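**Q** Quick one, what's the 3D model for this:
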Amino acid sequence: MEVKLKWQERLFGKTIIKCASLSETKEQELVPTFETLKKSEILGVYFSFANVHGDEVVKRLRDLYERINIGKSFNFQVVQVVLWAHNDFYEDIENSHRESLLNLPWFAVPFTEIHLKTKLSRRYRIKSGVPTLVLLDKDGCVISAAAQERLGEDPTGALFPWRPRPVEEVLKDVVLKPGGMYKKEHNMKWDEKNYSDFQMSVKGFYFSAHWCPPCKAFTPQLASVYNAIRKKEVDFEIIFVSSDRSQDSYETYIESMPWLCIPFQQVKVRGELAELYGIRGIPTLLLLDNNGHVITMEGRAEIAEDPLGLNFPWKARSVNILSERYISRLHDYPAIILFVDSEETEVQFAETVLNPIAESYFKRNNINLNTVYDEFFQDDNFLQFLIAPDCDATDLLRDLIDLDEVVPLLIALDLPARKYAPMEYGVELTIDSITEFIERFQSGQVKIRRISNETVNNSTQGNETL
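**A** Predicted structure coming up:
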C-alpha cells in the first residue's frame, strides 16, 4: 500500500538541498524533507530569482533566521525556491541556481524539480521577478503570503511571524466611502456604512486602480453585473480597494462606481487587505461568505464566463466546463475529463452523468468544496471533474497531451505525474461505467499513456523556473 505523503513532502518533494553543503566544487547534500522540517513551528518559503541581482530580502531574511534560531524562541526553518524571471534570456541556469544558494544556512528545492517549482509558484501566485517570502504554520497553512514586506518594516522580527489581523478587525474603525453612483443606484439617503453592516451577507473586495487598463475595462462590466445581482440579492455589496497613486486619480475613478470604497487616505488598511488575501495583481475580485470565508478569488474569471451573474455567488462546483483557468489547474491536480460536442444537449448529457459521480466521490472522500482551495492540496484524493466541449481551451489540452479529436471521450489525466488513460472506446458512458473506470485508474489497473516532460514544461513557460 502506498504511503501517504506528509504535507512537507507534497510541497517540496521527498528530499531537499542542504545549502550549507554547496560549494564551487562539492556535490550537493540531499536530506529527507519531512525529517528535516517536521519540528518547524514556522516555515518560510522564499522565492528568489537567479537572474535578479541585488536581492536585499535574502540578506534581511538571513539576519532574521539567525536571530530567531540563536535565540531559540521557536523553530524557524526556510526552504528556498530558486526561479528564473521570464523577462531575461537563459544563461548557465544550473550554475546560477547553485550560486544563489551558496553559504546560506537553510534548505532549497533541488534544481531538477522544475515542475514542483512551477506548481509552488502558481500555488502562492508568485509574480515573476519579485522575491517573495511566504510563511506557513506547523500544519502548512499560510500565515502571510507576502512576508517580505513585513520583513522590511520589522527587520529584527519583533512582531514575527506577523500574523495578519482578520478582516473585521482591519476594517473595524473604517467608515466606507460611497462611490459616485452609489446613492443613485441604491435610491437611498446616505448613512455611514461600516464593514460590520455587511457581515451577514455575501460581499466582494475589488482590488483595482485607475491607471490600470485592464481594470478600467473590467470596472463597467463589474458594475453591470453588480446591479443585476442586487436585483435578486439586495444585501450583496462590493468594497473597492484602490491601488491608485494619487487622491485625484482615486476620486476620478470612483465617480462611476455604484459600490462602497475604502477611503484613499487609509493607506495602511488598503495594504493590509491586499496582504491578507495575497493579492498579486489587479484587477482582482474576491467574494466572501457571511462567515468571512473566501468563496472565490476568481470573480473576474467567473464574470467573464457568466456575464449575467446567473451562478452568483460562484461557489465551487462539483463539475466545471474546461476553460483556460482550469487548464492551469491541471498542472496541480488530477482530473476526470469528458470531451463532448458543443451542442447544448451534449453538454447537458455530460453534466447529467458527471455531477452525481463527482458529488458521490467528494462525499465518499470527505472533500469539502466550500473550503478555500488551498485546503485541496492537503488531500491526496482530490480530483477535478471537467467537461471539455469544442473550444480553444479544449484544443490546447488536446495539443498538450497529443489526444485524438474523438467525442465523446473520457480520460483520467494526472499531469503532475505525466500520465493519462482514456476509457475504452465503445464502452457506454454511464454513472456505473465511469465510476468503475475512476477506481481502476486510481488503483493502477488501466493502460497508462505517458506525457513527455518537454511538452508539459513548454506549456508553463509563462512561469519559467529553474
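
**Q** quick one: low-confidence parts of the protein?
**A** Within the chain, the ranges that satisfy pLDDT under 70 run 1-3, 24-26, 54, 86-91, 189, 371-380, 453-466.

**Q** Can you pull up the most central residue in it?
**A** R123 (4.4 Å; CA atoms, centre = their mean).

**Q** if I read this right, that residue contacts R329, doesn't it?
**A** No. The criterion here is CB atoms under 8 Å, and R123 misses it with R329 at 10.4 Å. For glycine as for every other residue, the C-beta is placed from the backbone atoms N, C-alpha and C.

**Q** picking up where we left off before, the residue nearest to the centre of the chain and S328: what is the separation?
**A** 11 Å (CB to CB, to the nearest Å).

**Q** cool, and V225?
**A** 23 Å.

**Q** now do I239
**A** 27 Å.

**Q** Equivalent analysis for K4, please.
**A** For K4, the distance to S328 - CB to CB - is 26 Å.

**Q** the more surrounded of those two?
**A** Set side by side, K4 and S328 show more neighbours around S328, with 14 against 9, by other CB atoms under 10 Å.

**Q** Leaving out the residues flanking it, which one is nearest to that one?
**A** R122 (6.8 Å; CB to CB, 6 or more residues apart in numbering).

**Q** Would you mind giving both backbone torsions of the one you found?
**A** phi -80, psi -40 (degrees, to the nearest 10).

**Q** neighbours around the nearest residue to L286 once chain neighbours are set aside, how many?
**A** Excluding its sequence neighbours, the residue lying closest to L286 (CB to CB, 6+ apart) is M297, at 4.8 Å. M297 is flanked by 19 other residues according to other CB under 10 Å.

**Q** Distance of M297 relative to L429?
**A** For M297, the distance to L429 - CB to CB - is 33 Å.

**Q** same thing with H97?
**A** H97 is 46 Å from L429, by CB to CB.

**Q** Looking at those two, which one has more neighbours?
**A** H97 (23 against 17).

**Q** pretty sure the more buried one contacts F49?
**A** No. Between H97 and F49 there is no contact under CB under 8 Å: 10.8 Å.

**Q** Mutual contacts of those two, please.
**A** V82 (CB atoms under 8 Å, 6 or more residues apart in numbering).

**Q** Which residue ranges of the stretch 51-200 of the chain form strands?
**A** Shown for the stretch 51-200 of the chain, the strands assigned by DSSP state E, counting those that start in this stretch span residues 76-83, 107-108, 132-136, 142-144, 177-178.

**Q** Identify all contacting residues around the third one.
**A** Read it as strand 132-136. 42-47, 57, 61, 124, 126, 142-148, 151, 161-162.

**Q** Let me see the domain layout of the protein.
**A** 7-153, 167-305, 320-455 (automatic domain parsing).

**Q** chain center to the shortest one, what's the gap?
**A** In other words, domain 320-455. 20 Å (CA atoms, centre = their mean, to the nearest Å).

**Q** now swap in the second one and tell me
**A** A distance of 20 Å separates the C-alpha centroid of domain 167-305 from that of its chain, computed with CA atoms, centre = their mean.

**Q** what do you get for the longest one?
**A** Using CA atoms, centre = their mean, the mean C-alpha position of domain 7-153 is found 18 Å from that of the whole chain.

**Q** Report the separation between E56 and S100.
**A** With CB to CB as the criterion, E56 and S100 are 14 Å apart.

**Q** and these two? which has more neighbours close in?
**A** S100 (22 against 11).

**Q** Next, the contact list for the more buried one, please.
**A** S100 touches 48, 50, 80, 82, counting by CB under 8 Å, 6+ apart.

**Q** Max pairwise distance over those: which two?
**A** The most widely separated members of the contacts of S100, counting by CB to CB, are A50 and Q80 (10.8 Å).

**Q** need the contact list for T156.
**A** Contacts of T156 by CB under 8 Å, 6+ apart are 64, 67.

**Q** let's see it at 10 Å
**A** 60, 63-64, 67 (CB atoms under 10 Å, 6 or more residues apart in numbering).

**Q** now it: how far from R163?
**A** From T156 to R163 the distance is 17 Å (CB to CB).

**Q** Please apply the same query to G140.
**A** Taking CB to CB, one finds G140 at 15 Å from R163.

**Q** Next one: Y182 relative to L288, how far apart?
**A** 20 Å.

**Q** Show me the longest helix that occurs in the chain.
**A** Longest helix in the chain, counting residues (DSSP state H): helix 344-364.

**Q** Residues in contact with that helix: which ones?
**A** 316-321, 336-341, 343, 367-369, 379, 381-390, 407-408, 410, 429-435, 437-439.

**Q** and with 7 Å instead?
**A** Residues outside helix 344-364 that contact it (CB atoms under 7 Å, 6 or more residues apart in numbering) are 318-319, 338, 340, 369, 383, 385, 387, 389, 429-431, 434-435.

**Q** so how far does stretch 150-165 reach from one end to the other?
**A** Start-to-end span of stretch 150-165 (CA to CA, to the nearest Å) is 13 Å.

**Q** hang on, I meant stretch 200-216
**A** Per CA to CA, stretch 200-216 runs 30 Å from first to last residue.

**Q** and if you look at stretch 408-423?
**A** 10 Å.

**Q** same check, this time on stretch 15-23
**A** 19 Å.

**Q** Break down the stretch 101-250 of the chain into its helices, ranges please.
**A** Using DSSP state H, counting those that start in this stretch, the helices assigned to the stretch 101-250 of the chain run over residues 114-123, 147-153, 167-170, 182-186, 213-230, 247-254.

**Q** quick one, which of those is nearest to Q28?
**A** helix 114-123 (15.7 Å).

**Q** tell me the angle the closest one makes with strand 132-136.
**A** 80 degrees (axes from the mean of the first three to the mean of the last three CA atoms, to 10 degrees).

**Q** quick one: contacts for E66?
**A** When contacts are taken as CB under 7 Å, 6+ apart, E66 is in contact with P105.

**Q** ok, now how distant is it from W106?
**A** 10 Å.

**Q** What degree of burial does the closest residue to E298 other than its chain neighbours show, as a neighbour count?
**A** Spatial nearest neighbour of E298, chain neighbours left out: R325 (6.5 Å); criterion: CB to CB, 6+ apart. R325 has 14 neighbouring residues, counting by other CB under 10 Å.
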